[in-house]
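Participant: Next comes the sequence, and after it the predicted model I'd like to discuss.
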Amino acid sequence: MSRNSAQRKHDLTADSAQKELVKLIQSFSYGHHLHTVFSDFVEMNALAISNSVDRALFEAREKRYLDIVGKYKREEVERFPQMLGLLVESFEQRVAVIRKETAGSLPVSGGLTDVLGETYMMLGLGNDRAGQFFTPYSVSRMMSMMLMGDVGAEVERRGFIRVHEPACGAGGMVIAAADSILAAGQNYQQTMHATCIDIDPCCVHMTYVQLSLLHIPATVVHGNALSMEVWGTWYTPAHILGGWTFKLRRRLEADLLRAAVAVKQQSEVDQAETPAVVAEAAAVAEAEASDVAVLERETSATTAAPAGREATSLAELFEQSLASGTRDRTVFDTIDQLTLF
């Protein structure tokens, strides 16, 4: 979407709080580049939200917050909390519309939207040379409605839905997925978990802030989905406070047990007693004998998946790559942050 198109769309669809947010950002233009102001705004919000719930990186992120604040004058610093207040108000207005619609029936049209993504493109901050164009929210919403399928049946069968977004931008597609789940009569705060990845730190911060404000359980990764490099990980308050570290581990254990049972059943049908099948059948028999399936996961920094099993999803690959870094911390292996309080 071009800047002119984004401007026209913004004029037609932006609520009063979103329009005031844009004016405040533009008020910095006399002495700062708008891209710098916007990037600092979303990063400061991300740092503040993260430090309120995730103590693992508190000192480093607090120092980064103070470094950003030091770039601005006192009167300029005072505008940043006003901008955050307007962002929150914008989401509150949209949630109020959803509540009004759901009072009598399920919403037909999307009530949420990608507020920061729309603002980012309207201000002309996208990197055209890098092909950075955010998908219009209406398109994201249509795609999510087409892809979600029978949300209720999936939630009943597996407990919750996992959403993987390898190039998340401002998180618009994940917000659209949450919007679709809400329209299907499910509470996305309890029935959806997202793994979001982007190479641009500004996009990572935008996604983290928006998903945090909407209380979406998510792991937001600053990394490269192609080279599998990871530079930082952000856990939303909904992820930490909802105990999603353990929910994801239980889900993985259940998937492994289900796969093992399927292998055993197939071997009985085919009578294909290969060494690999025998090993799988032995593992299942041992699990059944103990009445519980225990997932053995390595604790060393070089191993993040069960022995003999390769990762089958992008999220698992990133979980492995996180363990190969300088810190022994992965999505599944991290001790629940609530123990730090």
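Facilitator: On my side now, so go ahead.

Participant: Now the longest helix seen in the chain: buried residues?
Facilitator: What stands out as the longest helix in the chain, according to DSSP state H, is helix 244-270. By 16 or more other CB atoms under 10 Å, the buried positions in helix 244-270 come out as 244-245, 248, 251-253, 256-257, 260-261, 263-264, 267. Where you see a C-beta, it was placed from the backbone N, CA and C, and this is true even at glycine.

Participant: For Met146, state which of those residues is nearest.
Facilitator: Arg251 (24.6 Å; CB to CB).

Participant: Am I right that the closest one is in contact with Trp244?
Facilitator: No. Using CB atoms under 8 Å, Arg251 is not in contact with Trp244; the gap is 9.7 Å.

Participant: which residues of the stretch 51-200 of the chain score low on pLDDT?
Facilitator: Along the stretch 51-200 of the chain, segments meeting pLDDT under 70 span 100-110, 126-133.

Participant: what are the ranges of the strands in it?
Facilitator: Applying DSSP state E, counting those that start in this stretch to the stretch 51-200 of the chain gives strands spanning 161-165, 192-198.

Participant: Paired strands for the last one, with orientation please.
Facilitator: Strands flanking strand 192-198 in the sheet, each with its direction: strand 161-165 (parallel), strand 218-223 (parallel) (DSSP bridges).

Participant: Mind listing residues that contact it?
Facilitator: 160-169, 171, 174, 177-178, 181, 204, 207, 211, 216-223, 225, 239, 244, 247-248, 314-315, 318, 331 (CB atoms under 8 Å, 6 or more residues apart in numbering).

Participant: Please, a PyMOL command that selects the buried ones among the residues you listed?
Facilitator: Only the buried entries of those go into this PyMOL selection, using 16+ other CB under 10 Å:
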select buried, resi 160+161+163+164+165+166+168+169+171+174+177+178+181+204+207+211+216+217+218+219+220+221+222+223+225+239+244+248+315+318+331
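
Participant: Need the nearest residue in space to Pro116, chain neighbours excluded.
Facilitator: Small correction: residue 116 is Leu, not Pro. Met206 (4.5 Å; CB to CB, 6 or more residues apart in numbering).

Participant: Output the contacting helices and strands for the helix or strand containing that neighbour.
Facilitator: According to DSSP states H and E, Met206 maps onto helix 201-213. With contacts taken as 3 or more CB pairs under 8 Å, 6 or more residues apart in numbering; DSSP states H and E, helix 201-213 sits against helix 34-53, helix 79-102, helix 115-122, helix 172-183, strand 192-198, strand 218-223, strand 230-235, helix 237-241.

Participant: picking up where we left off before, nearest to Leu87, out of the strands of the stretch 51-200 of the chain?
Facilitator: Closest among the strands of the stretch 51-200 of the chain, using CB to CB: strand 192-198, at 18.3 Å.

Participant: my guess is Leu211 contacts Val220, does it?
Facilitator: Yes. Leu211 is within contact range of Val220, at 7.0 Å (criterion: CB under 8 Å).

Participant: Give the residues shared as contacts by these two.
Facilitator: Common neighbours of Leu211 and Val220 (CB under 8 Å, 6+ apart) are Gly171, Cys196, Thr236.

Participant: now, which of those sits nearest Met145?
Facilitator: Gly171 (17.4 Å).

Participant: And the closest one, how far from Gly152?
Facilitator: With distances taken as CB to CB, to the nearest Å, Gly171 is found 24 Å from Gly152.

Participant: ok, Phe28 touching Phe38?
Facilitator: No. Between Phe28 and Phe38 there is no contact under CB under 8 Å: 9.0 Å.

Participant: Identify the residues contacting Tyr188.
Facilitator: Ala177, Ala178, Ile181, Leu182, Ile216.

Participant: Low-confidence ranges, the stretch 201-341 of the chain, go.
Facilitator: In the stretch 201-341 of the chain (pLDDT under 70), the answer is 271-341.

Participant: Tell me how far the residue nearest to Leu116 lies from Phe246.
Facilitator: 28 Å.

Participant: got it, and Tyr65?
Facilitator: From Tyr65 over to Phe246 (counting by CB to CB), the distance is 29 Å.

Participant: Quick one: residues contacting Ala177.
Facilitator: Counting by CB under 8 Å, 6+ apart, Ala177 has contacts Ser144, Met148, Val163, Tyr188, Met192, Ala194.

Participant: I'd like the distance between it and Val155.
Facilitator: 13 Å.

Participant: neighbours around Lys63, how many?
Facilitator: Per other CB atoms under 10 Å, the neighbour tally for Lys63 reads 10.

Participant: related to what we said a few turns ago, of the strands paired with strand 192-198, give the one that comes closest to Tyr72.
Facilitator: With CB to CB as the yardstick, what comes closest out of those is strand 218-223 (23.6 Å).

Participant: Run the angle between the closest one and helix 201-213 for me.
Facilitator: With axes from the mean of the first three to the mean of the last three CA atoms, to 10 degrees as the basis, strand 218-223 and helix 201-213 are set at 170 degrees to each other.
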